[in-house]
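S.K.: Just the structure for this:
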Amino acid sequence: MQRRKKIERDKLAYEKEMLTLGAEYIAGVDEVGRGPLAGPVVCAAVILPLGEGELIEGVDDSKKIREEKREQLAALIRERAIAYKICLESPETIDEINILEATKRCMKRAVEGLSVQPDIVFVDGNFRIRIDLPQQNIVRGDALSYSIGAASILAKVYRDALMREYDKEYPCYGFARNKGYGTAEHLAAVKEFGPCPIHRRSFLKKISAEKESGAPQNF
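M.R.: Alright, predicted model coming up:
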């Protein structure tokens with residue numbers, strides 16, 4: 001119990017610093033789906049109450065939480081949030097402007113879509129987004145910041161549900177299992193059936209180029 005409380009206090013360190021500086025509303029923004037070969041990148045921005053008794057226990061990097069628990073937490077986050085917004089950028093946009101720029105644009109739209117304007121935005125990663133608000137970058141922020149962790153949960157649950165729906169439309173690729181990531185099963189299906197409309201052509205070209213050159217594949 002003591003260790004759990006310490007972890008929760010640690011995850012609020014960035015938030016508490018901003019609160020002492022006078023911030024009232026702190027937004028966390030994160031993305032899910034930068035690496036997959038198929039499907040959109042999804043971003044979520046969320047402002048949560050930070051008072052004693054208002055915190056949601058168990059908020060963490062979404063990748064560390066089992067699926068059933070993630071879905072329970074996402075429902076609580078949506079219920080208790082002061083404001084939240086979930087956005088996505090399509091595979092076509094990713095191919096057109098590249099995944100980093102698509103992610104930045106998606107994060108910007110999520111933050112600007114909040115019904116309450118935050119005093120500061122915590123951005124997961126080492127890049128800035130084009131918003132007219134103070135922002136702070138936190139590398140591995142989904143594991144270090146309560147607000148970013150909550151955003152990562154919202155984005156992950158939303159994207160996973162979307163990929164399960166795509167699995168019904170394109171059943172041969174195993175999207176319900178691999179969520180669009182480049183598993184052996186997924187790559188074998190692409191080789192056998194070719195890409196479907198939600199595949200990122202630029203990512204598939206990169207894999208083909210890496211295979212031809214013998215370079216290590218990172219997907």
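S.K.: could you show me where the helices are in this protein, in order?
M.R.: 2-11, 13-20, 67-80, 91-97, 99-112, 141-144, 146-169, 175-178, 184-193, 201-213 (DSSP state H).
S.K.: which one of the ones you listed lies closest to V59?
M.R.: Closest to V59 of the helices of the chain is helix 146-169 (C-beta to C-beta; 4.6 Å). Heads up, the C-betas are built off the backbone N, CA and C, glycines and all.
S.K.: what residue ranges in the chain score low on pLDDT?
M.R.: Counting by pLDDT under 70, the chain has low-confidence residues at 1-9, 208-219.
S.K.: Nearest spatial neighbour of Y25, chain-adjacent residues omitted?
M.R.: Nearest residue to Y25 in three dimensions, chain neighbours excluded: P118, at 4.5 Å (C-beta to C-beta, 6 or more residues apart in numbering).
S.K.: so what's that neighbour up against?
M.R.: Contact analysis of P118 by C-beta atoms under 8 Å, 6 or more residues apart in numbering lists 25-27, 47, 111, 133.
S.K.: Go through the residues you listed and say which is closest to V190.
M.R.: For the contacts of P118, the residue nearest V190 by C-beta to C-beta is V111; the value is 34.1 Å.
S.K.: what's around that closest one, how many residues?
M.R.: Close neighbours of V111, defined as other C-beta atoms under 10 Å, add up to 25.
S.K.: Likewise for P49?
M.R.: Around P49 sit 12 other residues, with neighbours defined as other C-beta under 10 Å.
S.K.: re earlier: looking at neighbours, which among the contacts of P118 is most surrounded?
M.R.: A27 leads the contacts of P118 on contacts (other C-beta under 10 Å) with 30 neighbours.
S.K.: thinking that residue is in contact with I47, fair?
M.R.: Yes. Using C-beta atoms under 8 Å, A27 is in contact with I47, at 4.9 Å.
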